[in-house]
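A.B. asks: give me a model of this one.
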Amino acid sequence: MESAAARGPCEFQRAQWTAEELVAADEVWAPAAGLPLDYASIDIFPSIWSLQPYVPSSPSGVVEYYNYYAASTQYAGPIVEEVEAAAQESFEVDLRHDMEMEIDKKNAIGLFEEAARKFKSDIDMMKQKIHRYPPSIEGMDTYYTVPRIVAIGPYHHEKWKLKEAEKVKHVAAYHCIKESGGLYVQEMYEAVVSVMEKIDARRLYDKEVMEGMSDNEFQPMMFYDACFLVMYMMIRTSNDADYNEYGLRDFFESNDRDIAHDIMLLENQIPWSVVDAIMKYTSVHLENFITIWKDDCLLDRVVGELDAIMWNDNYKPPHLLGLLRFYIVGTISKPEVSGVNNMRSITISVSAIELTEMGISLADNETECIADMELTKRWIYFAKLSMAPLSLNDLRASHLVNMAAHELCTTPDFLDGNAAFEDSAVCSYLLLLCMLMCNHDNVEHLRTSGILQGGAGLTNKQTLDFFTSLQSLRQGRCYSRVMVQIESYKNSRPLRNKAYAFVYNNWKTILKVGSAVVALITILGTLKSLSSPGN
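C.D. replies: From the prediction side, this is the model:
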């Protein structure tokens, strides 16, 4: 057999080498390395290299064979028969070789087709999967992506600093069993396992993570995590002193802010159907919990009675983060604005101050709904951009980032005709605020207008740093709708906008000049009256 160095780059003759020899020599071609050895030894990309029947590797081999055959035909007898038999045998060998290669090619294509089917299956499960952070979020500060006190699910399960909370999960499981009214532990545990098998819970997580975790570890982890979440929701909505029998309420209340941070992280989730399997045996007031959470999502306030949410039986949440985001955003219906589908080509970008210079005032909306952002006409020449007010602190910033991450992972194209306004509402809200505040002055302008509220949260610099880190978010439908409205407003009155901007930026000077002119006219009028003949 010829050495590898002697072969040309495209001479992949099957008769001259085998898969075993290539593996031993560590020469398997990279794209074929992941295939079985049966397919690693063939050319699986015929459009690049054609599969040729075997010929001798010597450059003169074909010529010598042909000359020998031609010469032999000049003589009668056994020589001719032997040559014909050799030619027939060579033809049959080549035919069998070609057929084997064709079968191998079909099998290789089948492997790729199977991989494509698995990929499509993962895409179809996009709405229900427990996703990892997309690159646009992963690069942010770890405060927005890493749990501080408790791991929920497998992604952070092995972190040593979170091990203390594992003991608390056992206490939570005790209270859940006690809440069930005498249900055996095994019955509740089997209910969780049954749900996990029904939804194939392992497939909802990253494959590489799950390869290192057996069912004997995965199933108990899900059971304890579900109990922890259920008891947290129960204690947030109840004053029952029994829940502090073993210090569970004290733990939740003393670490409430960190727990509230952790259970809203995209990578710190378990399937909602698993949580629901435990919740069915308890008296948790889920609607009250969501109402409290929604009320505290954007603003600091103390309200005597909260508006109850409108429960939607048709919505099947993937996890707790998805459930809370759904009710915080709500279901909205907005009329389409012409040009939204062309947003990919619109490059307009304006700050809060620039909008005011154009005659567009900024104001907080009355609904306090994240998705409710709109440009409306005001009087004849002016307009108003309204959006939900925000009292920004580090916890709310984390919640908003993770709700946006959930949108990015579950909706591949926000501007697609099948995407609803609410599918990208949080991304739209954050991206619009990001556009409005390009420097410190614009942050202050947003505070003056009432969109940014409160003084106990992030400073102006921290607020600016936070929003400028979100520039890579995708454009949502709500954001696109507002930008099309601003573009239309700007293009319909260019001269008027320039005149208004001049007056807005120079009003102090204009006022001084006007006052001077009025004073001068008054003086001249007085002098004229004094110099008249009658005086």
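A.B. asks: what sits against residue 432?
C.D. replies: 373, 387, 478-479, 482 (Cβ atoms under 8 Å, 6 or more residues apart in numbering). Heads up, the C-betas are built off the backbone N, CA and C, glycines and all.
A.B. asks: greatest separation within those residues: which pair is it?
C.D. replies: Farthest pair in those (Cβ to Cβ) is 387 and 479. Separation: 10.4 Å.
A.B. asks: most neighbours, which of the contacts of residue 432?
C.D. replies: The most crowded member of the contacts of residue 432, judged by other Cβ atoms under 10 Å, is residue 478 (30 neighbours).
A.B. asks: quick one: it and residue 421 touch, right?
C.D. replies: Yes. Contact status for residue 478 versus residue 421: in contact at 5.5 Å, counting by Cβ atoms under 8 Å.
A.B. asks: which residues are common contacts for residue 387 and residue 479?
C.D. replies: With Cβ under 8 Å, 6+ apart as the test, residue 387 and residue 479 both reach 373, 429, 432.
A.B. asks: how about CSV for those residues, with pLDDT added?
C.D. replies: Listed next are those as CSV, based on pLDDT from 0 to 100:
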residue, pLDDT
373, 92
429, 97
432, 96
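A.B. asks: please enumerate the strands of the stretch 351-500 of the chain.
C.D. replies: 360-364, 374-378, 382-387 (DSSP state E, counting those that start in this stretch).
A.B. asks: just those: most buried one?
C.D. replies: strand 382-387 (a mean of 20; mean count of other Cβ atoms under 10 Å).
A.B. asks: so in that sheet, which strands flank that one, and in what orientation?
C.D. replies: strand 360-364 (parallel), strand 374-378 (antiparallel) (DSSP bridges).
A.B. asks: which outside residues touch the first one?
C.D. replies: It stands for strand 360-364. With Cβ under 8 Å, 6+ apart, strand 360-364 has contacts from 352, 355-356, 375, 378, 382-389, 436, 445-446, 449-451, 453, 486, 489.
A.B. asks: returning to that earlier point: got the shared contacts of residue 387 and residue 479 as JSON lines, with distance to residue 136 columns?
C.D. replies: Converted to JSON lines, the shared contacts of residue 387 and residue 479 look like this (distance: Cβ to Cβ, whole Å):
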{"residue": "373", "distance to residue 136": "21"}
{"residue": "429", "distance to residue 136": "16"}
{"residue": "432", "distance to residue 136": "16"}
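A.B. asks: and those, which of them are in helices?
C.D. replies: 429, 432 (DSSP state H).
A.B. asks: where are the low-confidence patches of the stretch 401-535 of the chain?
C.D. replies: The stretch 401-535 of the chain contains residues with pLDDT under 70 at 455-456, 492-508, 510, 512, 524-525, 527-528, 530-535.
A.B. asks: so residue 403 sits right up against residue 328, yeah?
C.D. replies: Yes. Taking contacts as Cβ under 8 Å, residue 403 lies within contact range of residue 328: 7.2 Å.
A.B. asks: more neighbours: those two, which one.
C.D. replies: residue 403 (26 against 22).
A.B. asks: output stretch 212-224 as PDB, nothing but the C-alphas.
C.D. replies: C-alpha atoms of stretch 212-224 as PDB (Å, rounded to 0.1, in the frame of the first residue of the first chain):
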ATOM      1  CA  GLY A 212     -23.500  13.500  33.300                       C
ATOM      2  CA  MET A 213     -26.700  13.000  35.500                       C
ATOM      3  CA  SER A 214     -28.400   9.700  36.000                       C
ATOM      4  CA  ASP A 215     -32.200   9.300  36.700                       C
ATOM      5  CA  ASN A 216     -31.300   8.300  40.300                       C
ATOM      6  CA  GLU A 217     -29.900  11.800  40.800                       C
ATOM      7  CA  PHE A 218     -32.200  13.700  38.400                       C
ATOM      8  CA  GLN A 219     -35.600  12.600  39.700                       C
ATOM      9  CA  PRO A 220     -35.000  13.300  43.400                       C
ATOM     10  CA  MET A 221     -33.500  16.700  42.500                       C
ATOM     11  CA  MET A 222     -36.700  17.600  40.600                       C
ATOM     12  CA  PHE A 223     -38.900  16.500  43.400                       C
ATOM     13  CA  TYR A 224     -37.100  18.600  46.100                       C
END
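A.B. asks: name the residues that touch that stretch?
C.D. replies: In contact with stretch 212-224 (Cβ under 8 Å, 6+ apart) are residues 153-154, 157, 166, 169-170, 172-173, 188-189, 192-193, 196, 201-202, 210, 270, 274, 278.
A.B. asks: please parse the chain into its domains.
C.D. replies: 4-124, 135-284, 340-492 (automatic domain parsing).
A.B. asks: and those domains, which one is worst for confidence?
C.D. replies: The weakest mean pLDDT among the domains of the chain belongs to domain 4-124, with a mean of 51.
A.B. asks: show me the contacts of stretch 212-224 that map onto strands.
C.D. replies: Judged by DSSP state E, strands contain none of those.
A.B. asks: and the residues you listed, which are buried?
C.D. replies: Buried residues within the contacts of stretch 212-224, counting neighbours by 16 or more other Cβ atoms under 10 Å: 153-154, 157, 169, 172-173, 188-189, 192-193, 196, 201-202, 210, 270, 274, 278.
A.B. asks: ok so, going back, can you add distance to residue 149 and give the strands of the stretch 351-500 of the chain back as TSV?
C.D. replies: Below are those laid out as TSV (distance: least, Cβ to Cβ, whole Å):
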stretch	distance to residue 149
strand 360-364	33
strand 374-378	39
strand 382-387	33
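A.B. asks: which of the contacts of residue 432 lies closest to residue 259?
C.D. replies: residue 387 (29.5 Å).
A.B. asks: OK, contacts around the closest residue to that closest one other than its chain neighbours?
C.D. replies: Using Cβ to Cβ, 6 or more residues apart in numbering and skipping residues adjacent in sequence, the residue nearest residue 387 is residue 373, 4.1 Å away. Going by Cβ under 8 Å, 6+ apart, residue 373 touches 365, 385-388, 428-429, 432, 478-479, 482.
A.B. asks: then residue 458?
C.D. replies: 392-394, 397, 466 are the contacts of residue 458 under Cβ under 8 Å, 6+ apart.
A.B. asks: the same query, at a cut-off of 7 Å, please.
C.D. replies: By Cβ atoms under 7 Å, 6 or more residues apart in numbering, residue 458 lies in contact with 392-394, 466.
A.B. asks: likewise residue 438?
C.D. replies: residue 351.
A.B. asks: and it, how far from residue 350?
C.D. replies: 9 Å (Cβ to Cβ, to the nearest Å).
A.B. asks: cool, and residue 514?
C.D. replies: 29 Å.
A.B. asks: the more surrounded of those two?
C.D. replies: Comparing residue 514 with residue 350 by other Cβ under 10 Å, the one with more neighbours is residue 350, at 19 against 11.
A.B. asks: look up the closest residue to that one, ignoring the ones flanking it.
C.D. replies: residue 486 (6.6 Å).
A.B. asks: tell me if I'm right that the one you found and residue 374 touch.
C.D. replies: No. In terms of Cβ atoms under 7 Å, residue 486 does not count as a neighbour of residue 374; the distance is 10.9 Å.
A.B. asks: and the residue nearest to residue 318 when sequence neighbours are not counted, which of the three is it?
C.D. replies: Leaving aside its sequence neighbours, residue 318 sits nearest to residue 128 (Cβ to Cβ, 6+ apart; 4.7 Å). When classified by DSSP: H, G, I helix; E, B strand; the rest coil, residue 128 comes out as coil.
A.B. asks: now residue 128: how far from residue 155?
C.D. replies: From residue 128 to residue 155 the distance is 16 Å (Cβ to Cβ).
A.B. asks: ok, the two, which is more surrounded?
C.D. replies: residue 155 (21 against 18).
A.B. asks: ok, that one - contacts?
C.D. replies: 209, 267-268.
A.B. asks: do you know how far the nearest residue in space to residue 283 that is not next to it in sequence is from residue 249?
C.D. replies: Distances taken as Cβ to Cβ, 6+ apart place residue 179 nearest to residue 283, at 6.6 Å, with adjacent residues excluded. Applying Cβ to Cβ, the value for residue 179 to residue 249 is 14 Å.
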